[in-house]
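Engineer: sequence-free structure coming up:
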């Protein structure tokens, strides 16, 4: 019945800052950047994988009223929103070194796990990101 995930979403506080982080720092590509009038629809994707886009959404209308948006912004700032992404790389140690050199907030150093090697970073808004070099047996459906 269902065949793929085409879009997912995380909250950010500033879409221009998010664009700089996700595109310039992490190396993702812009899929759509469009002003819809009631909101800016800004999505990015991993190069070579345009079928799964990540919406970088500012809390607010049309999905929520101003009071709820403020609560979401507060939780996001505390790192308590629960938004997270898992990205893969062919070389976790090289990716870690490159992102560290770019000043990314590393939350967990590269660690050997049953499914491969992974490490954690945080975006400027508090969202957790895991970056993993997956073993061949886990590449298609791992916990990272």
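Structural biologist: That came through fine. Bear in mind the structure is a predicted one, so any value in this text is a computation, not a measurement. Residues are numbered from 1 along each chain as shown.

Engineer: ranges for the strands of the protein?
Structural biologist: Assigned by DSSP state E, the strands in the chain fall at 7-11, 29-35, 40-45, 53-57, 84-88, 105-113, 116-122, 128-134.

Engineer: parallel or antiparallel, which strands does the longest one pair with?
Structural biologist: For strand 105-113, the paired strands and their directions (DSSP bridges) are strand 116-122 (antiparallel).

Engineer: buried residues in the longest helix seen in the chain, which are they?
Structural biologist: In the chain, with assignment by DSSP state H, the single longest helix is helix 66-77. Buried residues in helix 66-77, counting neighbours by 16 or more other Cβ atoms under 10 Å, are found at 69, 72, 73, 75, 76. Just so you know, the C-beta spots here come from the backbone N, C-alpha and C atoms, and that holds for glycine as well.

Engineer: residue contacts, the most centrally placed residue in the chain?
Structural biologist: Nearest residue to the geometric centre of the chain (Cα atoms, centre = their mean): residue 85, 4.4 Å. By Cβ atoms under 8 Å, 6 or more residues apart in numbering, the contact set of residue 85 is 8, 10, 54, 127, 128, 129, 130.
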